[in-house]
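Participant: Whatever this is, show me its structure:
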Amino acid sequence: MNNFENFDEIEIKIKNLLDALVIEADEKKYEGNTIWTNRIKELLRDLGWELGFEVCPDGSSNPAWLFDLNWYLTNEDDRIISLPLVVESEWNRDLRSIRYDFEKLLTSNAEHRLMICQAKTELIEERFQYFEKAVQDYCLNNKNDRYLIAILDDYNTGEFIYKLLIK
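Facilitator: Here you go, the predicted structure:
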């Protein structure tokens, strides 16, 4: 399931960030979805800045725009010219809630799309199958679209399980 050799530099950095978060959450005894969501946004915001991107939300008065988080670039006229990453996270475990957020990613023309969710161990493969089918069925995807799926196995290992989908 985890085929990391196909991950590009950004996907590897995101994977490392999420893996480190699991260790941090265990050490600090994080409880509840809100702390996970906020911490993921902080870490991805900081990574985006480190890579030279503008980030929304940026932790100040700049609210979320379309997605839970995105990295973007603007030109000298302050017009958006590129969307390197869009992120959706859904901590409700039901497929309906997950689908609602994931389908937003399908409509994006971002270079990278990241979906973060959690599932019982026995449902992880079923969730991956849903994501694969959704990507294949969506007719407006561009060739080589990249979707990094990170599912937290919160009932067994407590670790993220990853799958990279490339259309």
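Participant: going forward, measure contacts and count neighbours with C-alpha atoms only.
Facilitator: OK.
Participant: Now do the buried residues in stretch 45-52.
Facilitator: Within stretch 45-52, the residues that count as buried by 16 or more other CA atoms under 10 Å are 45, 47-48.
Participant: what secondary structure does residue 158 sit in?
Facilitator: The local conformation at residue 158, judged by DSSP: H, G, I helix; E, B strand; the rest coil, is coil.
Participant: typo on my end, residue 108
Facilitator: Classified using three-state DSSP, residue 108 is coil.
Participant: what's around it, how many residues?
Facilitator: By the criterion of other CA atoms under 10 Å, residue 108 has 18 neighbours.
Participant: excluding its backbone neighbours, what's nearest it?
Facilitator: Distance criterion CA to CA, 6 or more residues apart in numbering; nearest residue to residue 108, sequence neighbours excluded, is residue 86 at 7.8 Å.
Participant: Run a quick neighbour tally on the one you found.
Facilitator: Residue 86 has 26 nearby residues by other CA under 10 Å.
Participant: The lowest-mean-pLDDT helix or strand in the chain: what's the following helix or strand?
Facilitator: One helix or strand of the chain scores below all others by mean pLDDT, DSSP states H and E: strand 54-56, with a mean of 92. Scanning forward in sequence from strand 54-56 by DSSP states H and E, the next helix or strand is strand 69-74.
Participant: by contact count, what packs against that following strand?
Facilitator: Packing contacts for strand 69-74, counted by 3 or more CA pairs under 8 Å, 6 or more residues apart in numbering; DSSP states H and E, involve helix 33-50, strand 54-56, strand 80-90.
Participant: now the ones you listed in CSV, with distance to residue 16?
Facilitator: Converted to CSV, the helices and strands packed on strand 69-74 look like this (distance: least, CA to CA, whole Å):
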stretch, distance to residue 16
helix 33-50, 11
strand 54-56, 19
strand 80-90, 16
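Participant: Which of those sits closest to residue 25?
Facilitator: The minimum distance between residue 25 and the helices and strands packed on strand 69-74 falls on helix 33-50, with 8.1 Å, by CA to CA.
Participant: So for the chain, the centremost residue is which one?
Facilitator: Central residue of the chain (CA atoms, centre = their mean): residue 114, 2.6 Å from the mean position.
Participant: List the residues that contact that residue.
Facilitator: Neighbouring residues of residue 114 by CA atoms under 8 Å, 6 or more residues apart in numbering: 85-88, 105, 147-150.
Participant: Could you check the angle the helix or strand where it lies makes with helix 33-50?
Facilitator: Taking DSSP H and E as the definition, one finds residue 114 inside strand 112-119. Calculated by axes from the mean of the first three to the mean of the last three CA atoms, to 10 degrees, strand 112-119 forms an angle of 160 degrees with helix 33-50.
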